[in-house]
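Asks: task: produce atomic coordinates for the following.
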Amino acid sequence: MASTNGDGTRPAIDGSVAHPARRYNYWLGGKDHFAADRASGDEIERKFPGMRTGVRANRDVLGRMVHYLAAEAGLRQFLDIGTGLPTADNTHEVAQRAAADCRVVYVDNDPMVRTHAQALLKGTPAGRTAYLEADLREPSAILHDPELKATLSLDEPVALMLVAILHFIPGAGAAQPLVRELLDALPAGSYLAATHFTTDFMTADEQTRYRALQAAGRSDVWPRDHTEFGALFDGLELVDPGVVLATEWRPLPGADQPDPRLIGMLAAVGRKP
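Replies: Numbers count the residues shown, from 1 in each chain. Model (predicted):
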């Protein structure tokens with residue numbers, strides 16, 4: 001079920017308020033953003049130089065996770081919530097390079113993402129790609145959407161992709177019930193692949209500055225530590241190397257390992273037994 005206004009119409013694009021998907025696109029060097037998104041991104045990066053390094057690392061680990069799931073774990077169905085604006089090596093592109101019959105459902109709640117997704121997120125003839133405008137905070141609406149049911153079979157294993165999205169759910173413990181509701185609807189053999197912003201690698205001074213940024217309403221990203229992020233995988237079989245910094249999750253041979261303070265993203269993949 002897509003998000004709607006009170007009169008049933010879909011919300012218009014609001015360029016006056018920063019949106020995570022557009023800010024992420026800006027940090028990745030894309031063109032789909034407004035002044036508010038750039039101002040928000042620049043303010044965060046002024047206080048925490050190197051932010052773009054972490055964003056790039058998050059995008060790269062998404063590709064490695066999807067390749068693992070399709071090429072090694074044999075998954076053919078992907079539910080990617082918080083897809084963001086299309087860019088190079090989207091989930092369906094990586095998955096369908098490994099196996100052309102992979103099916104992917106993308107979910108986001110920004111009208112600009114919807115507009116671009118309809119034009120760009122095209123799958124292979126053997127596979128299928130769909131886009132839902134919906135909100136992670138309403139898992140039931142996602143799971144019961146007719147378009148999802150027409151694209152994926154929830155009787156067969158699904159790779160649930162929650163990449164750089166759960167940190168937009170504020171509050172200690174607030175993300176876990178959403179993840180659990182989604183996983184409970186998926187059969188054994190399904191996987192959870194997730195990344196999450198953390199301040200674990202910041203200095204004490206940086207952590208204090210980040211908390212001040214949050215308290216002032218200047219950041220919409222809620223960090224979680226290794227323990228709370230790891231708890232999202234309770235009951236799952238963690239894929240080696242477990243819960244690690246994004247750059248340390250199955251890096252390509254010879255890949256650089258930047259200062260962890262510049263990355264600030266945890267990553268993990270787990271299998272539902």
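Asks: so what does the host helix or strand of F229 touch, helix or strand wise?
Replies: Taking DSSP states H and E as the criterion, the element that holds F229 is helix 226-231. For helix 226-231, the packing partners by 3 or more Cβ pairs under 8 Å, 6 or more residues apart in numbering; DSSP states H and E come out as strand 265-271. Glycine gets a C-beta too; all of them are placed from N, C-alpha and C.
Asks: which residues does stretch 137-157 contact?
Replies: 1, 75-77, 79, 81, 103-105, 107, 128-132, 134-136, 158, 169, 178, 181-182, 185-191 (Cβ atoms under 8 Å, 6 or more residues apart in numbering).
Asks: of those residues, just the buried ones, PyMOL syntax please.
Replies: Buried residues among the contacts of stretch 137-157 (16 or more other Cβ atoms under 10 Å), as a PyMOL selection:
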select buried, resi 75+76+77+79+81+103+104+105+107+128+129+130+131+132+134+135+136+158+169+178+182+185+186+190+191
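Asks: quick one, strands of the stretch 151-273 of the chain?
Replies: With strands called from DSSP state E, counting those that start in this stretch, the stretch 151-273 of the chain shows them at 159-163, 191-197, 237-238, 244-245, 265-271.
Asks: please spell out which residues along the first one are buried.
Replies: Looking back up the chat, that one is strand 159-163. A159, L160, M161, L162, V163.
Asks: ok, now how distant is the closest residue to the fourth one other than its chain neighbours from A246?
Replies: Distance criterion Cβ to Cβ, 6 or more residues apart in numbering; nearest residue to L162, sequence neighbours excluded, is A194 at 4.3 Å. Between A194 and A246 the distance, using Cβ to Cβ, to the nearest Å, works out to 11 Å.
Asks: so those two - more neighbours on which side?
Replies: Applying other Cβ atoms under 10 Å to A194 and A246 shows that A246 carries more neighbours, namely 28 against 23.
Asks: which one's the longest helix in this protein?
Replies: Longest helix of the chain, by residue count under DSSP state H: helix 51-67.
Asks: contact partners of the very next helix or strand once past it?
Replies: Remark: after helix 51-67, the chain's next helix or strand is strand 77-81, criterion DSSP H and E. By Cβ under 8 Å, 6+ apart, the residues outside strand 77-81 that reach it are 66, 69, 91-92, 95, 102-108, 136, 142, 148, 152-153, 156-163, 165, 182.
Asks: now, those residues that are in helices?
Replies: Of the contacts of strand 77-81, the ones assigned to helices by DSSP H are V66, T91, H92, A95, I142, L148, L182.
Asks: quick one: these as CSV, columns for distance to D200 and pLDDT too.
Replies: Below are the ones in helices among the contacts of strand 77-81 laid out as CSV (distance: Cβ to Cβ, whole Å; pLDDT from 0 to 100):
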residue, distance to D200, pLDDT
V66, 25, 98
T91, 26, 93
H92, 32, 91
A95, 30, 96
I142, 29, 98
L148, 34, 96
L182, 25, 98
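Asks: among those, who's most crowded?
Replies: Most surrounded of the ones in helices among the contacts of strand 77-81: other Cβ under 10 Å gives A95, at 31 neighbours.
Asks: could you pull up the contacting residues of the residue nearest to that residue when sequence neighbours are not counted?
Replies: Using Cβ to Cβ, 6+ apart and skipping the chain neighbours, the partner closest in space to A95 is C102 (3.9 Å). When contacts are counted by Cβ under 8 Å, 6+ apart, C102 touches A70, L75, R76, Q77, F78, H92, A95, Q96, G123, G127.
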